[in-house]
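Student: Build me a model from this:
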Amino acid sequence: MKYWDNPFGKEKPRLVQGEIIIVKDRCKGCSFCVEFCPNDVLELSTEFNIKGYHPPQVVDINRCAFDGLCERICPDSAIFIVRQEVKLGKK
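Tutor: Coordinates of the predicted model:
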């Protein structure tokens, strides 16, 4: 018996993965990205940037949903997310 590849015209689900890029010297240490991340992916680092602030660092990338909230909430545009979709299931 042959099964449908796209039942009801829907595509197979995709897994979103990616990378979080932090421009440390642009950050002013407001910690909005740390406070508002629903999955606690970021924390403030102990090192200083050139402005004298503590920039965020990634704690666990596997907990990230790549929703872009940190990217949108940053007032200095110091954090970016590069997304990559991975197709699940058989080809």
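Student: who are the neighbours in contact with the closest residue to residue 64 other than its chain neighbours?
Tutor: Leaving out its chain neighbours, the residue that sits closest to residue 64 by Cβ to Cβ, 6 or more residues apart in numbering is residue 41, at 4.6 Å. In short, each C-beta sits where N, CA and C put it, glycine included. By Cβ atoms under 8 Å, 6 or more residues apart in numbering, the contact list for residue 41 reads 20, 58-61, 63-64, 70.
Student: biggest separation within those, which pair?
Tutor: 60 and 70 (14.0 Å; Cβ to Cβ).
Student: neighbour count winner among the two?
Tutor: Higher neighbour count among residue 60 and residue 70: residue 70, with 23 against 11, using other Cβ atoms under 10 Å.
Student: where does the more buried one land in three-state SS?
Tutor: helix (DSSP: H, G, I helix; E, B strand; the rest coil).
Student: and it, how far is that from residue 52?
Tutor: Noted for residue 70: a distance of 22 Å to residue 52, by Cβ to Cβ, to the nearest Å.
Student: low-scoring pLDDT stretches of this protein, where are they?
Tutor: Applying pLDDT under 70 to the chain picks out residues 1-13, 87-91.
Student: Please enumerate the strands of it.
Tutor: 14-22, 42-44, 56-58, 79-87 (DSSP state E).
Student: which helices and strands does the second one pack with?
Tutor: By that I understand strand 42-44. Under the contact criterion of 3 or more Cβ pairs under 8 Å, 6 or more residues apart in numbering; DSSP states H and E, strand 42-44 touches helix 32-36, strand 56-58.
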